[in-house]
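Engineer: quick one, fold the following:
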Amino acid sequence: LADPAARAHVASVWGVDPDTLPGPGRSAYELLDALGTAGGPRALLVFGSNPAVSAPRAARIADRLASLDLLVVADFVPSETAELADVVLPVTQWAEEEGTMTNLEGRVLRRRRLLPPPGEARSDLDVLHGIAVRLGQDPARFPTDPRAVFEELRRASAGGRADYSGISWERLDAGEALHWPCPETPAGTAPHPGTPRLFLDAFAHPDGLARFAEVEHRDAAETPGAGYPLYATTGRVLAQYQSGAQTRRVDALNAAAPGAFVEVHPDTAARLGLRDGRPARVSSARGSTLATVRLVPSLRTDTVFLPFHFAGAGRANLITSDALDPRSRMPEFKVCAVRVEPAEAAGALL
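Structural biologist: Sure, this is the predicted structure:
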């Protein structure tokens, strides 16, 4: 965003002055934390995300969302964030729209519509087009046809690290397995085959060699102490996905993973008065969550584990830290200091 050459290139694709393009802004968590505050956003449009469950320090983020003058959520399931919204826009899901999808290995896949969208559901592109027109933009500059948007991506990414310019709709429809970067080749020459392995022969340095960096270990922002003597870490279970907004609506998946739990070493559980299958309260400096105890002998005695897919009082992110990495600004989801006690002793039931 701060590279003048990149800004000039994208501005030329859009036909705008480079100075009108925004510069680097807040990171994701810092943006959420600033909602409704002095100098922070007063309105927010959320596409298919559920920060009321997925953000660290989730109770604070839910309060920030509730403080907005206007919260609009575009989604196809009634997530916990959608329940906080002033307006919910029903949008199409993947089987109801055409387009492309890029997977984690950089392969670009064609998506073909399987079903017509129900009712008045619209695509994300339709929503963005409608907003742009209402803000006085030329309707032609915000196309709703996925292929037209893909052509714009090809032009905008040309020459960049994730170059899509050589990936055409026709090549994808023909079944070619194309990975970025895939630059466009001169007329009359063979098309670029794509790059299935990004650093197969060389690394992205002038001499092609890798760079090793010496790193000193640094403790987490929060370590156990007298009031919170254990580490807590969060993660996934097979039967649920992300914030659970979709998977928690599937009976078979809920049967496999029905609710929040906390894994504890048997010795730790015995010391704390916890019993297998009984509710416990897990508390940090930011809040508490309720979970069913599971005894796991392979776990460290100083660490407990919670999955982050569940909502309500079982939100694991009620306890997670809002400490941010100094470079990436990613939150420190994977470690915080907690105490665990029987829920009955804490005056709560799961």
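
Engineer: ok, which stretches of the stretch 251-350 of the chain are helices?
Structural biologist: 251-256, 266-272 (DSSP state H, counting those that start in this stretch).

Engineer: could I get the CA-only coordinates of the first one as CSV?
Structural biologist: Taking Å, rounded to 0.1, in the frame of the first residue of the first chain, the C-alpha atoms of helix 251-256 are listed here in CSV:
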residue,chain,number,x,y,z
ASP,A,251,-26.8,-32.1,13.6
ALA,A,252,-24.3,-34.7,12.7
LEU,A,253,-21.4,-32.4,13.5
ASN,A,254,-22.9,-31.3,16.7
ALA,A,255,-23.4,-34.9,17.7
ALA,A,256,-19.6,-35.4,17.2
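
Engineer: tabulate the helices of the stretch 251-350 of the chain in TSV, adding columns for distance to residue 1, mean neighbour count and mean pLDDT.
Structural biologist: No exception for glycine: its C-beta is placed from N, CA and C like everyone else's. Below are these laid out as TSV (distance: least, CB to CB, whole Å; neighbours: other CB atoms under 10 Å; pLDDT from 0 to 100):
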stretch	distance to residue 1	mean neighbour count	mean pLDDT
helix 251-256	39	12	96
helix 266-272	46	16	98
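
Engineer: with distance to residue 81 as added columns, please give these in a markdown table.
Structural biologist: Compiled in a markdown table, these are given as follows (distance: least, CB to CB, whole Å):
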| stretch | distance to residue 81 |
| --- | --- |
| helix 251-256 | 20 |
| helix 266-272 | 34 |
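
Engineer: which stretches of this structure form helices?
Structural biologist: Counting by DSSP state H, the chain has these helices, from start to end: 4-14, 28-34, 51-54, 58-66, 124-134, 146-157, 169-173, 251-256, 266-272.

Engineer: looking at the ones you listed, which is nearest to residue 211?
Structural biologist: helix 4-14 (22.3 Å; CB to CB).

Engineer: tell me the buried residues in the closest one?
Structural biologist: 7, 9, 10 (16 or more other CB atoms under 10 Å).

Engineer: likewise stretch 292-308?
Structural biologist: Buried, per 16+ other CB under 10 Å, within stretch 292-308: 292, 293, 294, 295, 296, 299, 303, 304, 305, 306, 307, 308.

Engineer: go on, stretch 310-328?
Structural biologist: So stretch 310-328, judged by 16+ other CB under 10 Å, has buried residues 310-311, 313-324.

Engineer: farthest pair within the residues you listed?
Structural biologist: Among these, 313 and 324 lie farthest apart (CB to CB), at 26.2 Å.

Engineer: ok, which of the helices of the chain comes nearest residue 287?
Structural biologist: helix 58-66 (5.3 Å).

Engineer: give me the contact list for the closest one.
Structural biologist: 32-37, 44, 51-52, 55, 71, 80-81, 84, 286-287, 315, 317-318, 320, 322 (CB atoms under 8 Å, 6 or more residues apart in numbering).

Engineer: also stretch 194-214?
Structural biologist: 105-107, 161, 166-167, 176-182.

Engineer: over to stretch 125-137?
Structural biologist: Residues contacting stretch 125-137 (CB under 8 Å, 6+ apart): 45, 47, 74, 89, 91, 122, 139, 141-146, 149.

Engineer: filter the residues you listed down to the ones in strands?
Structural biologist: In this view, the contacts of stretch 125-137 that belong to strands under DSSP state E are 45, 47, 74, 89.

Engineer: need the residues you listed in a markdown table (columns: neighbour count, distance to residue 228 and pLDDT).
Structural biologist: What follows is these, written out as a markdown table (neighbours: other CB atoms under 10 Å; distance: CB to CB, whole Å; pLDDT from 0 to 100):
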| residue | neighbour count | distance to residue 228 | pLDDT |
| --- | --- | --- | --- |
| 45 | 15 | 37 | 97 |
| 47 | 13 | 36 | 96 |
| 74 | 24 | 38 | 97 |
| 89 | 21 | 41 | 96 |
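
Engineer: for residue 281, state which of those residues is nearest.
Structural biologist: Closest to residue 281, out of all of the ones in strands among the contacts of stretch 125-137 and judged by CB to CB, is residue 47, at 34.3 Å.

Engineer: where's the residue nearest to that closest one when sequence neighbours are not counted relative to residue 90, distance?
Structural biologist: Nearest residue to residue 47, sequence neighbours excluded (CB to CB, 6 or more residues apart in numbering): residue 74, at 4.9 Å. Going from residue 74 to residue 90 by CB to CB, to the nearest Å gives 8 Å.
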